[in-house]
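Engineer: sequence first, then the predicted structure, then my questions.
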Amino acid sequence: MTATRNGADTRRGLETGASRPTRPTGPRAAWWGAGLAVVLVASVVMAVTIGPAALTPPEVLASVGAHLGIGDPVLSPLRDAIVWELRVPRVLTAAAVGAGLALCGAVMQALTRNPLADPYLLGLSSGASVGAVVVLVLGMSLALPLAAFAGALAALAATLGLARAAGGLNPTTTVLAGLAVSAVFGAVTSLVIFWSATNDSYREILNWLLGSLAGTDWGSVALAGGALLVVGAPLLLAGRTLDAFTFGDSAAAALGVHVARTRGLLLVATALLTGALVAVSGAIGFVGLILPHAVRLVVGAGHRALLPLSALAGAVFLVWVDTGARTLFDPRELPVGILTALVGGPVFAVLLIRSRVVR
């Protein structure tokens with residue numbers, strides 16, 4: 001009897017992506033965290049050097065140092081402006097957005113016990129897009145972050161409500177509910193654009209819907225970085241609670257977790273963070289799906305290691321994807337959401353096949 005129950009638990013853990021950590025997550029996670037932090041810093045510096053106006057790492061460091069009061073300016077005003085006003089804000093925004101989306105994906109996968117959950121697949125990005133497009137059409141850009149958050153929260157409520165009505169928060173039902181909600185919100189977005197967008201705003205909205213970091217500035221860094229700090233930092237501390245959720249609501253309650261309240265707070269936090277990030281970058285998909293799975297392969301499923309490492313990996317990933325988006329077809333710029341979809345689509349297909357094989 002015990003063997004049968006253990007086998008069932010193992011199969012359920014594989015299906016939901018919530019199995020116990022199978023690798024030591026202490027020293028291994030610390031080494032991976034330190035390595036990813038170094039890679040992130042190096043990636044930020046190198047990404048700033050890449051572009052039509054070639055720069056060197058010493059030039060980048062000298063320009064940044066001069067603006068921080070460390071050393072004297074050594075670059076010409078034009079090259080200094082390229083570094084400090086154009087490239088550094090964009091690269092830092094990409095890092096913050098990538099970290100936040102990967103973190104949201106890891107949290108949502110634990111809360112829904114669904115390895116396919118991420119802000120894009122569960123409709124949060126589509127909901128945020130509706131809110132953002134409405135305020136862009138109305139010319140109320142200052143209200144964009146608030147509108148994106150409201151749209152993401154509405155989409156999340158619709159997805160979870162539909163999943164419960166259709167049979168519960170199991171992996172298949174939740175993904176199908178998210179896809180349905182995404183389709184509806186996508187149709188609403190298209191309708192708003194069709195009826196209200198002008199020639200001047202249409203291209204801006206299209207760029208935004210495809211996911212783009214073009215035109216980001218220090219205000220974008222403040223919004224994305226501030227949201228990551230204020231909302232993401234508390235999420236990083238929820239690792240032990242999320243470990244309890246991966247074994248089911250009953251197990252979490254037995255471990256002292258107030259299930260309904262905690263799940264609600266964490267889901268609202270992910271919606272708030274997603275809304276802020278989408279307001280900056282547009283609808284960039286699959287980052288929250290790919291990176292948590294990649295990190296699990298290295299350090300296992302324990303969320304105290306998974307959450308910070310997913311954030312670091314997401315930051316590195318989006319820095320380089322955005323660098324490719326702005327340089328591969330120079331002088332034209334490819335929306336970064338297209339590249340993440342090209343990578344994430346096949347990964348999503350593989351995960352679907354794996355979940356079917358496990359069942």
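Structural biologist: Perfect, I can see it now.

Engineer: list the buried residues in the strand or helix carrying residue 78.
Structural biologist: Assigned by DSSP states H and E, residue 78 falls within helix 77-81. Neighbour counts using 16 or more other CB atoms under 10 Å place residue 80 of helix 77-81 among the buried residues. Bear in mind the C-beta positions are built from the backbone N, C-alpha and C, glycine included.

Engineer: list the helices and strands that helix packs on?
Structural biologist: Judged by 3 or more CB pairs under 8 Å, 6 or more residues apart in numbering; DSSP states H and E, helix 77-81 is in contact with helix 57-67.

Engineer: so what does the helix it packs on touch, helix or strand wise?
Structural biologist: When contacts are defined as 3+ CB pairs under 8 Å, 6+ apart, helix 57-67 packs onto helix 27-49, helix 77-81.

Engineer: what mean pLDDT does that helix get?
Structural biologist: Throughout helix 57-67, pLDDT has a mean value of 94.

Engineer: now that helix and helix 27-49, what's the angle there?
Structural biologist: Interaxial angle, helix 57-67 versus helix 27-49 (axes from the mean of the first three to the mean of the last three CA atoms, to 10 degrees): 90 degrees.

Engineer: which positions in helix 57-67 come out as buried?
Structural biologist: For helix 57-67, by 16+ other CB under 10 Å, it's 59, 60, 62, 63, 64, 66.

Engineer: show the contacting residues for the third one.
Structural biologist: Each residue near residue 62 by CB atoms under 8 Å, 6 or more residues apart in numbering is listed here: 71, 73, 74, 75.

Engineer: scan those and report the most crowded one.
Structural biologist: residue 75 (17 neighbours; other CB atoms under 10 Å).

Engineer: I'd guessed that residue sits against residue 84; true?
Structural biologist: No: counting by CB atoms under 8 Å, residue 75 stays clear of residue 84, with 9.2 Å between them.

Engineer: where do the contact lists of those two overlap?
Structural biologist: residue 63.

Engineer: check which helix or strand the most centrally placed residue in the chain maps to.
Structural biologist: Closest to where the C-alpha atoms of the chain average out (CA atoms, centre = their mean) is residue 101, at 1.1 Å. According to DSSP H and E, residue 101 maps onto helix 88-112.

Engineer: elements contacting that helix?
Structural biologist: helix 27-49, helix 218-227, helix 233-236, helix 239-245, helix 259-281, helix 287-299, helix 303-327.

Engineer: I'd like the mean pLDDT over that helix, please.
Structural biologist: On average, helix 88-112 scores 95.

Engineer: now for residue 249, how many residues are close by?
Structural biologist: 15.

Engineer: that one and residue 262 touch, don't they?
Structural biologist: No: counting by CB under 8 Å, residue 249 does not reach residue 262; the two are 10.3 Å apart.

Engineer: hang on, the earlier thing: who's in contact with the residue nearest to the centre of the chain?
Structural biologist: Contact analysis of residue 101 by CB under 8 Å, 6+ apart lists 118, 119, 274, 277, 284, 287, 288, 314, 318.

Engineer: mind running it again at 10 Å?
Structural biologist: Taking CB atoms under 10 Å, 6 or more residues apart in numbering, we find residue 101 in contact with 118-120, 124-125, 273-274, 277-278, 281, 284-291, 310-311, 314-315, 317-318, 340.

Engineer: which one is it nearest to, not counting chain neighbours?
Structural biologist: residue 287 (4.1 Å; CB to CB, 6 or more residues apart in numbering).

Engineer: residue 338 versus that neighbour, what's the distance?
Structural biologist: Residue 287 sits at a distance of 13 Å from residue 338 (criterion: CB to CB, to the nearest Å).

Engineer: same check, this time on residue 269
Structural biologist: 29 Å.

Engineer: out of the two, which sits in the busier spot?
Structural biologist: residue 269 (18 against 15).

Engineer: which pLDDT value belongs to the more buried one?
Structural biologist: Residue 269 carries a pLDDT value of 91.

Engineer: if we ignore the residues flanking it in sequence, what's nearest it?
Structural biologist: residue 231 (5.3 Å).

Engineer: what angle sits between the helix holding residue 101 and helix 259-281?
Structural biologist: For helix 88-112 against helix 259-281, the angle by the same axes, to 10 degrees is 160 degrees.

Engineer: which elements pack onto the helix or strand just after helix 88-112?
Structural biologist: Next helix or strand after helix 88-112 toward the C-terminus (DSSP H and E): helix 124-137. Helices and strands touching helix 124-137, by 3 or more CB pairs under 10 Å, 6 or more residues apart in numbering; DSSP states H and E, are helix 88-112, helix 144-165, helix 171-196, helix 199-210, helix 259-281.

Engineer: tell me the buried residues in the second one?
Structural biologist: Spelled out, it's helix 144-165. 144-145, 147-160, 162-163.

Engineer: now swap in the shortest one and tell me
Structural biologist: If you call a residue buried by 16+ other CB under 10 Å, then helix 199-210 has these buried ones: 201, 205, 207, 208, 209, 210.

Engineer: could you do the third one as well?
Structural biologist: Neighbour counts using 16+ other CB under 10 Å place 171-175, 177-178, 180-182, 184-186, 188-189, 192-193 of helix 171-196 among the buried residues.
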